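Asks: fold the following for me, if possible:
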Amino acid sequence: MTKRIVILGGGTGGTLTANRLRRALGAECEITVVDRDDDHLYQPGLLFVPFGLAHAEDLVRSRRRQLHDGISYRNSGIDHVDVEANRVHLTDSGVLEYDVLVIATGARLVPEETDGLTGPGWMSTVFSFYDLPGATALARALRQFEGGRLVVNVVDLPIKCPVAPLEFCFLADWYFHERGIRDQVQLTYVTPLDAAFTKPVAAHALAGMLQEKGIELVTEFNTGEVDGAAGKLISYDEREVEFDLAVVVPVHGGAECVERSWGLGDPLGFVPADEHTLQSAVRDNIFVIGDAAAIPTSKAGSVTHFEGEVLTRNVVRYLAGEKLDASFDGHTNCFIESGFGKALLIDFNYDTEPLPGHYPSTVGLPLLRESRLNHLGKLMFSWLYWHSLLPGRDLPGVSTEMPSAGKRFETL
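Replies: Next up is the predicted model:
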């Protein structure tokens, strides 16, 4: 009997999973991907839009066209999942029955959770670059900005691509230098963390870069209100940070359909799962990938890529009644644009924080060090995303598990 695999979400995780499963299982299974629209957005490109380094029309392609032949695409919203009956209820009144469900619904922005954020000043002095309309509007605002205090604020964690707000600061420093007005702009990075980043070695390096570039770092600031009219961020302990232009990374939550599905998600709407097998905590026949997962790793595209191989293997093993592969180690790597045509690279997993050295081996890209080569690697990733990552191909020399070769562990 043909098995039915339903994948919720046609973004990075849903697309690469569908394509990998199609290659692994052929016609043995019916694979259906569901999403509310046909616009697949290359999210890493959003960082570059405000600075005129990428254009909106180049970041969006058809979701359907990224899927291999033989995969069905259902263009509909998702109402909820009935985990007891193995059914997905769609907003168009359709129902999809499944033998295996893969949740790849990502994370959504919830700016309304912060008092005042979408009130006076929204899209005039207060912006976010975490969606396409916001990034495009911010590009116009930056072109018109002639000086003052620009504040980049992370409201709360988790967020997609945790290094992106830091990258924005570094690119803003470069951007205003290029315009010849850097001495008229005060840049401030405001974070709820007690350091520039979550991992100590990387946090130390990134804090040093902020200091070198003259970017103020404000830590342990838990934003309770954004007063756009007065130009102030106000924390829960009543500290204030004034701004002329604010770039805010809003609170993130899981998909609303997860919140509406009894027992499926946690209080934030993300899906708890085994951090090594990616099998959900609620049912053995449900798996989760990417930003939708409530596991202790970054919500980043590289994580989704590394998860894809293990998740595909485990869906195949589950259908065959075999023991699951528990080899996903939280592997994450991120290019960090630092401006002036350079970038850093960090590589880490659940147990090992970012370390200096090289990736993926003793000969490769430099880790925790600015270089032109890393910048070119970041730019090249766009091509790899569309032509290798989404089609579900393995990248030569890049393994799912974090490599130890090339890293200098003596720094621990």
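
Asks: okay, CA-based contacts and neighbour counts for the rest of this
Replies: Fine.

Asks: is it true that Thr138 lies in a helix?
Replies: Small correction: residue 138 is Leu, not Thr. Yes - according to DSSP: H, G, I helix; E, B strand; the rest coil, Leu138 belongs to a helix.

Asks: surely it meets Pro50?
Replies: Yes - using Cα atoms under 8 Å, Leu138 is in contact with Pro50, at 5.5 Å.

Asks: in what helix or strand does Ala135 lie?
Replies: helix 132-144 (DSSP states H and E).

Asks: quick one: list the elements packing against that helix.
Replies: In this structure, helix 132-144 packs against strand 126-127, with contacts taken as 3 or more Cα pairs under 8 Å, 6 or more residues apart in numbering; DSSP states H and E.

Asks: which residues touch Ile289?
Replies: Applying Cα atoms under 8 Å, 6 or more residues apart in numbering, one finds that Ile289 lies in contact with 13-14, 102-104, 278, 304, 307-308, 311.

Asks: what's the helix or strand hosting Met209 in contact with?
Replies: Element membership for Met209, per DSSP H and E: helix 200-212. For helix 200-212, the surrounding residues in contact (Cα under 8 Å, 6+ apart) are 170, 195-197, 216-217, 346, 353-355, 368.

Asks: apply 10 Å and report the result again.
Replies: Residues from elsewhere that reach helix 200-212, judged by Cα atoms under 10 Å, 6 or more residues apart in numbering: 163, 166, 169-170, 173, 187-189, 194-197, 213-217, 336, 338, 344, 346, 353-356, 368-370, 411-412.

Asks: re the thing from before, need the overlap of contacts for Leu138 and Pro50.
Replies: With Cα under 10 Å, 6+ apart as the test, Leu138 and Pro50 both reach 128-129, 132.

Asks: between these, which is nearest Asp227?
Replies: Taking Cα to Cα as the measure, Asp227 lies nearest Ser128 of the shared contacts of Leu138 and Pro50, at 15.0 Å.

Asks: just the pLDDT at the residue lying closest to Glu216 once chain neighbours are set aside, thanks.
Replies: Closest residue to Glu216 apart from its sequence neighbours, by Cα to Cα, 6 or more residues apart in numbering: Thr188 at 4.5 Å. Looking at Thr188, its pLDDT is 98.

Asks: bridged to Thr188, which residues?
Replies: Beta-bridge pairing for Thr188 (DSSP bridges): Val151, Glu216.

Asks: pull the number of nearby residues for it.
Replies: Other residues near Thr188 come to 22 when the count uses other Cα atoms under 10 Å.

Asks: next up, the contacts around it.
Replies: 149-153, 169, 210, 214-218, 241-243, 246.

Asks: ok, it to Ala196 distance?
Replies: 12 Å (Cα to Cα, to the nearest Å).

Asks: anything in contact with each of those two?
Replies: Contact with both Thr188 and Ala196 is made by residues 210, 217-218, according to Cα under 10 Å, 6+ apart.

Asks: by neighbours, which of these wins?
Replies: Neighbour-wise, the shared contacts of Thr188 and Ala196 (other Cα under 10 Å) top out at Leu210, 21 neighbours.

Asks: what's the distance between that residue and Val152?
Replies: Leu210 is 12 Å from Val152, by Cα to Cα.

Asks: which stretches of the stretch 151-300 of the chain have low pLDDT?
Replies: Applying pLDDT under 70 to the stretch 151-300 of the chain picks out no residues at all.

Asks: surely Gly121 meets Leu245?
Replies: Yes - the pair Gly121 / Leu245 is scored as a contact, 9.3 Å apart, by Cα atoms under 10 Å.

Asks: about what we covered before: quick one: the helix holding Met209 to chain centroid distance?
Replies: 21 Å (Cα atoms, centre = their mean, to the nearest Å).

Asks: mind listing what's buried along it?
Replies: Within helix 200-212, the residues that count as buried by 16 or more other Cα atoms under 10 Å are 201-203, 206-207, 209-210.

Asks: can you lay out those residues as TSV showing distance to Gln43?
Replies: Formatted as TSV, those follow (distance: Cα to Cα, whole Å):
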residue	distance to Gln43
Val201	27
Ala202	23
Ala203	24
Leu206	23
Ala207	25
Met209	25
Leu210	24
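
Asks: which one of those is nearest to Gly364?
Replies: Using Cα to Cα, the buried residues of helix 200-212 come closest to Gly364 at Ala202, 19.0 Å.

Asks: ok, that closest one to Ser371 distance?
Replies: Applying Cα to Cα to Ala202 and Ser371 gives a distance of 16 Å.

Asks: what's the closest of the contacts of Thr188 to Arg283?
Replies: Distances from Arg283 to those, taken by Cα to Cα, are shortest for Asn153, at 37.4 Å.

Asks: need the contact list for the closest one.
Replies: Applying Cα under 10 Å, 6+ apart, one finds that Asn153 lies in contact with 128, 165-166, 188-192, 218, 221-223, 233, 241, 246-250.
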